[in-house]
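In: this one's sequence-less:
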C-alpha cells in the first residue's frame, strides 16, 4: 500500500505523524444464509440492494406439512391437559382417604403413579409441540442483522435438500460498518496503533473510525518492502458500497 502523505506535528516535545493511505472499503460483516430444513421455496420477499432489518423475513419455504404437525401436536397437548387435573384430584382424594386410614397404601401409590404417568405424557406432547413449532419457524429465513441484500442465489419453486448440501440462498452484509485493510510500512508499525483514531475520506465526505487490528506478522508491501497489516473500522451509515477507493489518515505518536 503506497503512503501518500506524511505530516509532522510538533506540540512541545511531543512529535506526532499523520500518515495517509489509499484503500478500498469492504463490509465488516457478510453473511451467507441457508436453510436448516429441506423444502421447496415458496416466496422470496426481498431484492438485491434492498435494506433489511434484523428479524425481517427474507425467504419462506412451503410450510403446509410443518403447520399440520404443529396442529397435531397442539391437539395432543389439549387432549392430555384435562387428564392432569383429573389425576391430581384423584391423587389428593386418595391421600385424604389414606390419612384417615380408609385407603390402602397400594391404592394411594396407584393414584400417584397415574398422576405421574399423565404428567409424563403431557410433558412428552409439549416437547413434540415445541419441536414442531421450531421446525415451522425454520420455514422462514430471517435477517440476523440490519443490512443490505448483496445477492440472491435461489428462486421460487426451488427444492432445498439439506442432506445433499448447505446451499447459500441469500447473502447479506452489514453496510453500516465498513473496514479498510492497510499495509503499514515497518517504520510506522507499533502495537500502540491499536484503537488509534482514523479518518476515512471519500471525496468531500469524512467518516470517523479507529484501528481495530494490528498484525504481528510482516508481509511484503509496495516494492517488496516489509509491511504490517492494519485494519481500520468505521461507521458508513449505509452510504458507501464495498470496493470504493478511499483515503485513510491515522495519527501516529
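Out: Here it is on my side, so go on. Given the structure is predicted, the values throughout are model-derived calculations rather than measurements.
In: Report the strands that pair with the longest strand anywhere in the chain, each with its relative direction.
Out: Counting residues, the longest strand in the chain under DSSP state E turns out to be strand 205-220. Strand 205-220 has the following strand partners under DSSP bridges: strand 197-202 (antiparallel), strand 226-235 (antiparallel).
In: just the strands in the stretch 51-200 of the chain please.
Out: Secondary structure of the stretch 51-200 of the chain (DSSP state E, counting those that start in this stretch): strands located at 51-52, 57-61, 140-142, 147-152, 159-160, 170-173, 177-185, 197-202.
In: Save those as TSV, and put in mean pLDDT too.
Out: Shown next, in TSV, are the strands of the stretch 51-200 of the chain (pLDDT from 0 to 100):
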stretch	mean pLDDT
strand 51-52	95
strand 57-61	97
strand 140-142	96
strand 147-152	96
strand 159-160	93
strand 170-173	96
strand 177-185	88
strand 197-202	93
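In: Of all those, which one is nearest residue 84?
Out: strand 140-142 (32.8 Å; Cβ to Cβ). (Glycine included, C-beta is placed from N, CA and C.)
In: returning to what we had before: residue 138: which of the strands paired with strand 205-220 is closest?
Out: strand 226-235 (32.4 Å).
In: Now the element after the closest one, going C-ward?
Out: Using DSSP states H and E, the helix or strand that follows strand 226-235 towards the C-terminus is strand 245-252.
In: what helices or strands is that next one leaning on?
Out: Using 3 or more Cβ pairs under 8 Å, 6 or more residues apart in numbering; DSSP states H and E as the contact test, the elements touching strand 245-252 are strand 14-24, strand 177-185, strand 197-202, strand 226-235.
In: Let's have the ones you listed in TSV, adding mean neighbour count and distance to residue 119.
Out: Shown next, in TSV, are the helices and strands packed on strand 245-252 (neighbours: other Cβ atoms under 10 Å; distance: least, Cβ to Cβ, whole Å):
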stretch	mean neighbour count	distance to residue 119
strand 14-24	15	62
strand 177-185	21	50
strand 197-202	18	61
strand 226-235	19	53
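In: Could you point out which of these sits nearest residue 30?
Out: Short answer: strand 177-185, nearest of these by Cβ to Cβ, at 11.0 Å.
In: Tell me the span between the first and last residue of stretch 238-252.
Out: 29 Å (Cα to Cα, to the nearest Å).
In: And that stretch, what's buried?
Out: 240, 242, 246-250, 252 (16 or more other Cβ atoms under 10 Å).
In: on that earlier part again, of the helices and strands packed on strand 245-252, which is nearest residue 61?
Out: Closest among the helices and strands packed on strand 245-252, using Cβ to Cβ: strand 177-185, at 30.1 Å.
In: My guess is residue 118 contacts residue 81. True?
Out: No. When contacts are counted by Cβ atoms under 8 Å, residue 118 is not listed as touching residue 81 (9.6 Å).
In: Mind checking which of those two has more residues around it?
Out: Neighbour tally, residue 118 and residue 81, criterion other Cβ atoms under 10 Å: the higher count belongs to residue 118, 21 against 13.
In: residue contacts, the more buried one?
Out: Taking Cβ atoms under 8 Å, 6 or more residues apart in numbering, we find residue 118 in contact with 80, 83-84, 86-87.
In: Which single one of those is nearest to residue 201?
Out: Nearest to residue 201, judged by Cβ to Cβ, of these is residue 80 at 66.4 Å.
In: For residue 239, which residues are in contact?
Out: residue 205 are the contacts of residue 239 under Cβ under 8 Å, 6+ apart.
In: circling back: would you turn the contacts of residue 118 into JSON lines with distance to residue 236 and pLDDT?
Out: Below are these laid out as JSON lines (distance: Cβ to Cβ, whole Å; pLDDT from 0 to 100):
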{"residue": "80", "distance to residue 236": "55", "pLDDT": "92"}
{"residue": "83", "distance to residue 236": "59", "pLDDT": "86"}
{"residue": "84", "distance to residue 236": "56", "pLDDT": "87"}
{"residue": "86", "distance to residue 236": "63", "pLDDT": "86"}
{"residue": "87", "distance to residue 236": "62", "pLDDT": "86"}
